[in-house]
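Chemist: This is a predicted model, with the sequence first.
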Amino acid sequence: MEIVARDLTIRLGGVPRVDRVSLALRPGELVGLIGPNGAGKTTLFRALAGLRTSDEGETLYDGRPLAAIGRRAFAKRLAYLEQTAEAHWPLRVEHVVALGRLPHRGFGRAALTTDAAAVERALRAADAEGFRGRLMRELSGGERARVLLARAFAVESEWLLADEPAAALDPAHQLGLMERLRAAAHRGMGVVVVLHDLTLASRFCDRLVLMAGGRILGDGRPAEVLTDEAAATAYGVSLIRAETGGEPLVAPWRRLAPDDDRRTRP
Ligand SMILES: Nc1ncnc2c1ncn2[C@@H]1O[C@H](COP(=O)(O)OP(=O)(O)OP(=O)(O)O)[C@@H](O)[C@H]1O
């Protein structure tokens, strides 16, 4: 399924927070959506995931609007992992992950063997098997993040849109996550991930989409998008670069104008 956004504009509080954005997303590549706080990434993501409407423009899925696909069918095809999913429910981890199977079987239907197998795969993929029997509210922030990732994996959808899935993870789990997402994309899944970590983004993503002030400033291969100029304009930072083992290493280094609040301005 190809996802195409055409001239999307979304106004919040009267201000265009997503401003005439056009974007074509295809399965098979790991896409990183990057940009400073307030750039409009989550707002755009929610529109792509069918969770909010746009004021102007449209989003098409294989050329069709979401209404033509139907919510239930769409929920099987696209999993969305929210940025600030709070999960202090009195629920055990394996039950939370099993919620990812709801689009497949609906409420009240007995779990099928296929669902159980998908839950197992998801728990393993997110390295959350170790706390499967524990209560969500008794987990650490990073552990909870891994469970919510497992719930998104459990959908076994053709698309995954994950909003900052790496933010709460320790380095080993961040690397594991990025390797897994890249492998899934290269096997043919559609994966778009919001990242603030430019080192992970430039190393693992096949394509970066850089947003600032509701607009897309760059869209292409990481080296083309994450230029010194783009980092200065979007984030107000300089970058350092190196290469190790044939892979690029990019890291933010200095704020260019510490007292300048440019990052929140369009
Ligand atoms: N309900 C709302 N009403 C008014 N403004 C809003 C609303 N929701 C979000 N905004 C504003 O829209 C802008 C874009 O928000 P969004 O959450 O899409 O940014 P983001 O790029 O995901 O940021 P972050 O990196 O901080 O998560 C922000 O300036 C935010 O304050």
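Modeler: Great, that's in hand. If you're wondering where the values come from, they're calculated on a predicted model, not measured in any experiment.
Chemist: Show me what stretch 40-59 is in contact with.
Modeler: Residues from elsewhere that reach stretch 40-59, judged by Cβ atoms under 8 Å, 6 or more residues apart in numbering: 3-12, 16-23, 25, 33-35, 65-66, 71, 74, 78, 80, 83, 161, 163, 192, 194, 211, 213-214. For the C-beta atoms, the positions are set from N, CA and C on the backbone; glycine is no exception.
Chemist: what packs against the lengthiest helix in the chain?
Modeler: Secondary structure of the chain per DSSP state H: the longest helix is helix 171-186. Judged by 3 or more Cβ pairs under 8 Å, 6 or more residues apart in numbering; DSSP states H and E, helix 171-186 is in contact with strand 30-34, helix 141-154, strand 159-163, strand 190-194, helix 198-204.
Chemist: Let's have the ones you listed in TSV, adding distance to the ligand.
Modeler: Shown next, in TSV, are the helices and strands packed on helix 171-186 (distance: least, Cβ to the nearest ligand atom, whole Å):
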stretch	distance to the ligand
strand 30-34	9
helix 141-154	15
strand 159-163	7
strand 190-194	7
helix 198-204	13
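Chemist: Quickly, which of those bottoms out on average pLDDT?
Modeler: With a mean of 94, helix 141-154 has the lowest mean pLDDT of the helices and strands packed on helix 171-186.
Chemist: What residues does this structure have near the ligand?
Modeler: Neighbours of the ligand within the chain, by Cβ under 6 Å from any ligand atom: 12-13, 17, 35, 37-43, 83.
Chemist: Apply 5 Å and report the result again.
Modeler: Listed as neighbours of the ligand in the chain under the rule Cβ under 5 Å from any ligand atom: 12-13, 17, 37-43.
Chemist: Nearest spatial neighbour of the residue in the stretch 51-200 of the chain that the ligand sits nearest to, chain-adjacent residues omitted?
Modeler: Nearest residue of the stretch 51-200 of the chain to the ligand: Q83, at 5.9 Å (Cβ to the nearest ligand atom). Excluding the flanking residues, the one nearest Q83 by Cβ to Cβ, 6 or more residues apart in numbering is D163, at 3.8 Å.
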